[in-house]
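quick one, fold the following:
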Amino acid sequence: MARPELLNNVTHQNLRVLTRHAAEFGHQVGLTLTFPAEYADIQRHYPILFRKSPEQGQFQSVALLGFQAEENLFLATDLPGGWRTDYVPAMIARGPFMIGFQNQVIEGEEQQVPVIHLDCDDPRVNETQGQPLFLPHGGNSPYLEHIGQLLSRIRDGISQDQKMLAVFDRLGLLEPVNIEIELHNDTKVQLKGYYSISQDKLNAVQGDELVRLNRSGYLCAAYLALTSLGNISRMATLRNQQG
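This is a model prediction of the structure:
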């Protein structure tokens with residue numbers, strides 16, 4: 001079970017974090033959440049699909065990593081970083097860190113401020129190997145600065161994703177899709193419960209709605225999601241190569 005602690009340069013001064021990717025670090029997963037701000041990077045390697053959140057029932061963007069719940073075709077034990085492509089999805093790249101909120105008084109007014117939490121029970125956290133979190137005299141290390149920027153991007157990205165998919169849903173652009181993959185050993189894999197962008201309905205959007213989609217960046221995101229589906233065949237090739 002995770003044990004998140006508010007990160008500080010006194011208690012956690014000597015901590016380091018392993019940054020490689022491996023099954024023992026929880027990376028043997030078939031999908032990960034994604035968001036529009038990283039679609040351009042995601043679509044180069046991973047299919048972008050949509051599903052309804054098991055908790056809230058609202059749509060969320062996901063990047064497909066494998067054809068089964070505990071299959072990640074992009075893990076690579078023979079590579080130094082343990083990952084097969086040059087872009088690791090942000091929700092995985094964040095490692096054992098997460099965004100939390102703390103009440104602080106700013107200019108006489110109490111506000112909730114985002115702060116970094118660290119799961120101190122995560123097996124990547126130690127005092128001898130990996131990237132240091134703090135400099136010898138207490139300042140943030142370049143690695144921790146990067147993590148802070150990444151967490152902010154995730155926080156803003158998830159909020160943007162919810163807004164965008166609410167628009168897609170209102171316009172009827174999301175349609176259920178059943179994906180069947182045939183592998184070299186004559187086995188077939190079916191992916192169910194996912195949604196994709198309807199090309200026909202997207203093409204039919206006109207007038208002010210089209211202008212708003214374009215200005216918001218959602219139109220570009222929709223086409224990136226559609227383009228990304230070509231990665232499914234590349235993943236099938238990876239699966240065949242891995243047996």
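
pLDDT below threshold where in this protein?
1, 103-107, 243 (pLDDT under 70).

which element is residue 113 on?
Here residue 113, judged by DSSP states H and E, is contained in strand 109-119.

buried stuff in that strand?
Residues of strand 109-119 classed as buried: 116, 117, 118, 119 (neighbour count, 16 or more other CB atoms under 10 Å). Using the backbone N, CA and C atoms, a C-beta is placed for each residue, glycine as well.

for those residues, which one is nearest residue 221?
Nearest to residue 221 among the buried residues of strand 109-119: residue 116, at 27.7 Å, using CB to CB.

once you drop chain neighbours, what's closest to the closest one?
residue 7 (4.6 Å; CB to CB, 6 or more residues apart in numbering).

contacting residues for the one you found?
97, 115, 116, 117, 118, 133, 144 (CB atoms under 8 Å, 6 or more residues apart in numbering).

what's across from the third one in the sheet?
To tie it back to what came earlier, the one meant is residue 116. For residue 116, the beta-bridge partners under DSSP bridges are residue 99.

beyond the longest helix along the chain, next helix or strand please.
Longest helix of the chain, by residue count under DSSP state H: helix 142-170. Next in sequence after helix 142-170, counting helices and strands by DSSP H and E, comes strand 174-182.

each with direction, which strands does that following strand pair with?
Partners of strand 174-182 in its sheet, by DSSP bridges: strand 188-197 (antiparallel).

can you list contacts of the helix or strand just after the strand it pairs with?
Tracing the chain C-terminally past strand 188-197 and defining elements by DSSP H and E, one meets helix 199-204 next. Helix 199-204 is contacted from outside by 171, 172, 173, 175, 222, 223, 226, using CB under 8 Å, 6+ apart.

out of these, which end up buried?
The buried subset of the contacts of helix 199-204 - by 16+ other CB under 10 Å - is 171, 173, 222, 226.

pretty sure the first one contacts residue 209?
Going back to what we said before, that points to residue 171. Yes - in terms of CB atoms under 8 Å, residue 171 counts as a neighbour of residue 209; the distance is 6.6 Å.

quick check: residue 21 is in a helix.
No - Residue 21: not assigned to a helix; according to DSSP: H, G, I helix; E, B strand; the rest coil it is coil.

could you point out the helix or strand that follows the strand holding residue 113?
Following strand 109-119 in sequence, per DSSP H and E, is strand 125-126.

so what strands line up beside the next helix-or-strand element following that following strand?
The C-terminal neighbour of strand 125-126 among helices and strands, as given by DSSP H and E, is strand 131-132. Sheet pairing here is set by DSSP bridges, and for strand 131-132 it gives strand 16-17 (antiparallel).

centre of the chain to the partner strand, how far?
How far strand 16-17 lies from its chain's middle: 21 Å, per CA atoms, centre = their mean, to the nearest Å.
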